[in-house]
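Engineer: Take a look and give me a structure for this.
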Amino acid sequence: MLTIFLFRDDLRLEDNPGFTKAARSGPVLPLYVLDDAAMTDDLDDPHRLGGAARWWLHHSLASLDGALRERGSRLTVMRGDPFVIVTDLVRSTNAAAVHLSRGYSPWDVELERRLNETLAADGKILRRFGGRLLFEPESVSTKSGDPFKVFTPFWRACQTLDDPSGHTAPPDDVAAPDSSPDGVAIDTLGLLPHDPDWSTGIAAAWQPGEAGARIRLENFLDDAADDYGKGRDVPSIAGTSRLSPHLRWGEISPRTIWQAVRQRTPQPRGAEAYLRELGWRDFCHHLLFHFPTMPVSPMREPFDAIDWCNDAQDIRRWQRGRTGYPIVDAGMRELWRTGWMHNRVRMAAASFLVKHLLTDWRIGAAWFMDTLVDADPANNSAGWQWVTGCGTDAAPYFRVFNPTLQGEKFDADGAYVRHWLPTLGDVETKYIHKPWEAPADAQPDYPPPIVDHKTARQRALDRFGVVKSAS
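Structural biologist: The predicted structure follows:
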């Protein structure tokens, strides 16, 4: 009996329980459907695949297809409405079942619901498997059975559950069906940029696919895991795992990482700090699953009343790294060049946009979704709501990061700023995060701050006062 396995954000063979089960049960048709709805030009649509994400997806699909061909199979790629394509394929191939790794976004949940109803009516089976999180959202709840809204008790509850370590070995061979639909070539999906091709820097920084994920994990374990607790806050060093895009596309499972860190990291403090970050990722998906409007609506309603400025010129300067605050500009340049930004700098850059420039957090979230290779609706929207203060477990609305102090604290010698802003390369370290204070004869060719921190902070507190009055 033929099984269709629908790949989505689980583009791997190792530790992919649903695919392994399908491959062991008989012939399997590996399928990926590029959803037309994700290819919209509407930047405000949280379902939209951004430009950097499309680049990554192209190469990840090619990598997955190569791995399947090594096992006697291939990836069938189609574009359109996943529901229509899957149900039509089930009927045309007489497949007995569809397997998939479950998703947590509202569109994933809705697709699974519709497939389950339609396939059941036709006497077919939809089997959903875990594998994209450490703990499924339904397995973690408060004593009253409600979803958690605060991370610390959520993570404490997770640690009372069974250890998520485990591994499903990939099949050595994959039996292909007697006949398969032609599908379309990956190159025809229109995922790669052209006129111009802006992906040179991204291509130099990343290796999409399962093999690239494994290399990243091994490098992290060898070089940074032990000191992760401290190194993760220093953007100028390779102190983080950089596994986020591989996790976003499911090229490696979180439990594979969990098990590897547990087994090979000798210093528990560094290991625990990293595993806690995997827990934060779970928490973001937990929130998205239980609160599906999170990408578009503040989880604290009073924030809807804020009078945002949304100044187009300020937003453009922020996007291009021309705010006059080096730590913010360096982060935005890193993002533009590599499709990634250090998490500590993400917080500073996001806070600056929301608090200093009084820009609606959804505008920043949309820009990150368009430019990050690890753009994920759960992590991205939870992060922006945290910075803004409108999330369930967020920084207080009155916390306004001082971008100069953030730079001095986490990039004390200015190495990160000098790398991404070479025009500041010769500035004395004591001025590197406030170049406007350098002597007149040593002023670099760098824009002055577009806002004064003290003035902008007070303006933010005044505007955000509507939240306090509604509390």
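Engineer: can you tell me how far Thr142 sits from Val296?
Structural biologist: From Thr142 across to Val296, the span is 25 Å (C-beta to C-beta, to the nearest Å). (C-beta placed from N, C-alpha, C; glycine too.)
Engineer: Same check on Arg322?
Structural biologist: Distance from Arg322 to Val296, by C-beta to C-beta: 28 Å.
Engineer: same thing with Gln263?
Structural biologist: Distance from Gln263 to Val296, counting by C-beta to C-beta: 40 Å.
Engineer: more crowded one of these two?
Structural biologist: Neighbour count, other C-beta atoms under 10 Å: between Gln263 and Val296, Val296 has more, with 13 against 10.
Engineer: I'd guessed the more buried one sits against Pro46; true?
Structural biologist: Yes. Val296 is within contact range of Pro46, at 6.1 Å (criterion: C-beta atoms under 8 Å).
Engineer: any low-confidence regions in the stretch 251-400 of the chain?
Structural biologist: Low-confidence segments of the stretch 251-400 of the chain, defined by pLDDT under 70: 265-269.
Engineer: And the helices in it, which stretches?
Structural biologist: With helices called from DSSP state H, counting those that start in this stretch, the stretch 251-400 of the chain shows them at 254-264, 268-290, 312-319, 326-338, 343-351, 361-371, 377-388.
Engineer: Save these as CSV, and put in distance to Pro181 too.
Structural biologist: As requested, those are arranged in CSV below (distance: least, C-beta to C-beta, whole Å):
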stretch, distance to Pro181
helix 254-264, 31
helix 268-290, 32
helix 312-319, 41
helix 326-338, 37
helix 343-351, 41
helix 361-371, 31
helix 377-388, 30
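Engineer: closest to Leu119 out of the ones you listed?
Structural biologist: Nearest of those to Leu119, taken as C-beta to C-beta: helix 268-290 at 22.1 Å.
Engineer: tell me what the closest one is packed against?
Structural biologist: When contacts are defined as 3 or more C-beta pairs under 8 Å, 6 or more residues apart in numbering; DSSP states H and E, helix 268-290 sits against helix 151-158, helix 228-231, helix 254-264, helix 377-388.
Engineer: Export the first one to CSV, keeping only CA atoms.
Structural biologist: When you say that, I think you mean helix 151-158. Extracted as CSV, the C-alpha positions of helix 151-158 are listed here (Å, rounded to 0.1, in the frame of the first residue of the first chain):
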residue,chain,number,x,y,z
PHE,A,151,8.0,30.9,30.1
THR,A,152,9.6,30.0,33.5
PRO,A,153,6.6,27.8,34.8
PHE,A,154,6.2,26.4,31.3
TRP,A,155,9.8,25.3,31.2
ARG,A,156,9.5,23.9,34.8
ALA,A,157,6.5,21.9,33.7
CYS,A,158,8.4,20.6,30.7
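Engineer: I'd say Asp227 and Gly270 touch.
Structural biologist: Yes. The pair Asp227 and Gly270 passes the contact test of C-beta under 8 Å, sitting 5.7 Å apart.
Engineer: Those two: who's more crowded?
Structural biologist: In this view Asp227 and Gly270 are compared by other C-beta under 10 Å, and Gly270 has more residues nearby, 20 against 16.
Engineer: Tell me who's in contact with the more buried one.
Structural biologist: Residues near Gly270 by C-beta atoms under 8 Å, 6 or more residues apart in numbering: 225-229.
Engineer: what's the farthest-apart pair in the residues you listed?
Structural biologist: Ala225 and Gly229 (9.9 Å).
Engineer: more crowded one of those two?
Structural biologist: Between Ala225 and Gly229, Ala225 has the larger neighbour count (other C-beta under 10 Å), namely 24 against 17.
Engineer: That one is in contact with Val261, isn't it?
Structural biologist: Yes. The pair Ala225 and Val261 qualifies as a contact (C-beta under 8 Å) at a distance of 6.3 Å.
Engineer: Any chance you could list residues touching both of those two?
Structural biologist: Between them, Ala225 and Val261 share these contacting residues under C-beta under 8 Å, 6+ apart: 271, 274.
Engineer: now the nearest residue to His419 once chain neighbours are set aside, what's its secondary structure?
Structural biologist: Leaving aside its sequence neighbours, His419 sits nearest to Ser236 (C-beta to C-beta, 6 or more residues apart in numbering; 7.0 Å). What DSSP: H, G, I helix; E, B strand; the rest coil gives for Ser236 is coil.
Engineer: And Ser236, its phi and psi?
Structural biologist: phi -80, psi -10 (degrees, to the nearest 10).
Engineer: quick one: pLDDT of it?
Structural biologist: Listed pLDDT for Ser236 reads 97.
Engineer: burial count for it?
Structural biologist: If you count neighbours by other C-beta under 10 Å, Ser236 ends up with 18.
Engineer: Hmm, Gly407 and it touching each other?
Structural biologist: No. Look at Ser236 against Gly407 with C-beta under 8 Å: they stay out of range, at 11.0 Å.
Engineer: all strands in the stretch 101-250 of the chain, in order from the N-terminus.
Structural biologist: Assigned by DSSP state E, counting those that start in this stretch, the strands in the stretch 101-250 of the chain fall at 125-129.
Engineer: remind me which residues of it are low pLDDT?
Structural biologist: For the stretch 101-250 of the chain (pLDDT under 70), the answer is none.
Engineer: just the helices in it please.
Structural biologist: Using DSSP H, counting those that start in this stretch, helices in the stretch 101-250 of the chain cover 106-121, 151-158, 200-205, 210-223, 228-231, 244-248.
Engineer: Enumerate the positions of the fourth one that are buried.
Structural biologist: When neighbours are counted by 16 or more other C-beta atoms under 10 Å, the buried residues of helix 210-223 are found to be 210, 212-214, 216-217, 220-221.
Engineer: How about the fifth one?
Structural biologist: When burial is assessed from 16+ other C-beta under 10 Å, helix 228-231 yields the following buried residues: 228-229, 231.
Engineer: who's in contact with Ile85?
Structural biologist: 31, 33, 78.
Engineer: Nearest to Pro245, out of those: which one, please.
Structural biologist: Within the contacts of Ile85, the smallest distance to Pro245 is 20.9 Å, found for Val33 (C-beta to C-beta).
Engineer: partners of whichever strand or helix holds that closest one in the sheet?
Structural biologist: Per DSSP states H and E: Val33 is located in strand 28-35. Strand pairing for strand 28-35, determined by DSSP bridges: strand 3-7 (parallel), strand 76-80 (parallel).
Engineer: Quick check: Asp65 touching Ser73?
Structural biologist: No. With contact defined as C-beta under 8 Å, Asp65 does not reach Ser73; the gap is 9.2 Å.
Engineer: more crowded one of those two?
Structural biologist: Ser73 (23 against 19).
Engineer: Quick check: the gap between the closest residue to that one other than its chain neighbours and Arg69.
Structural biologist: For Ser73, ignoring the flanking residues on the chain, the nearest one in space by C-beta to C-beta, 6+ apart is Val174 at 3.9 Å. Counting by C-beta to C-beta, the separation of Val174 from Arg69 is 10 Å.
Engineer: With Thr142 instead?
Structural biologist: For Thr142, the distance to Arg69 - C-beta to C-beta - is 47 Å.
Engineer: And for the closest residue to Thr76 other than its chain neighbours, the neighbour number?
Structural biologist: In this structure, Thr76 finds its nearest non-sequential neighbour in Gly183, 4.2 Å apart by C-beta to C-beta, 6+ apart. As a burial measure, Gly183 scores 17 neighbours (other C-beta under 10 Å).
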